[in-house]
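**Student:** curious how this folds, go ahead:
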Amino acid sequence: SHMDAGYLFLNRLIKNFTSNYTIFVLTITLFVYCVMFITIRKYSPNALMSLCIYYCSMVGLWGCNRQILAAMICILSLKFIQERRLMLFMMTVFFACLFHKTAIIFIPAYFLFNLNYSQKQAYAIVIFAFIAGLLHLVNKLPFADYLAYMDSIDNGNTNFSGYLADKAANVSLMGSFKKI
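**Tutor:** As a prediction, the model looks like this:
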């Protein structure tokens, strides 16, 4: 099958209990929100605002089960970035790749996390990331054809690679601005 092995395994695991697709989606949704709630609670000084921003940024991705699972697994690797445990970080990202191959582009987050940015630089990065997203600049990078191919393997048109690149930029900023 052309589906990612981790996602197929999860499908089969849940199907052992029920073949109801709604239960399958509910399981994924519970996992996603639990990971984000725990992560936001741990890292954000303003959890409610962070949860609102997270929810608003995810609305366009609902229905992209593999991509969201991969992104949440990458989010779980934040602990290993913070603790500077490269091997565990890499294992977590490669596990995320079992759900969606483009999770591999989260690897630079490990090296960007502890860079020090001034507040002005941080705002410039956020504005650049926003403009890059609007103009689809990620699709113009040298590896964009590969990422587009990986995104479209399952007949999806989600631009998940752009989403993960944006989240990697956000993670690097979180390393410098604990108050954001």
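**Student:** for the protein, just list every one of the helices.
**Tutor:** With DSSP state H as the criterion, the chain has helices at 5-15, 21-43, 47-58, 65-76, 78-82, 86-97, 108-112, 119-134, 144-152, 160-176.
**Student:** now tabulate these in CSV and tack on mean neighbour count and mean pLDDT.
**Tutor:** In short, each C-beta sits where N, CA and C put it, glycine included. Shown next, in CSV, are these (neighbours: other Cβ atoms under 10 Å; pLDDT from 0 to 100):
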stretch, mean neighbour count, mean pLDDT
helix 5-15, 14, 87
helix 21-43, 14, 85
helix 47-58, 13, 75
helix 65-76, 23, 85
helix 78-82, 19, 90
helix 86-97, 17, 93
helix 108-112, 18, 84
helix 119-134, 13, 78
helix 144-152, 16, 52
helix 160-176, 21, 50
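**Student:** now residue 19: how far from residue 12?
**Tutor:** Distance, residue 19 to residue 12, using Cβ to Cβ, to the nearest Å: 11 Å.
**Student:** swap that for residue 129, sorry
**Tutor:** For residue 129 relative to residue 12 (Cβ to Cβ), the value is 37 Å.
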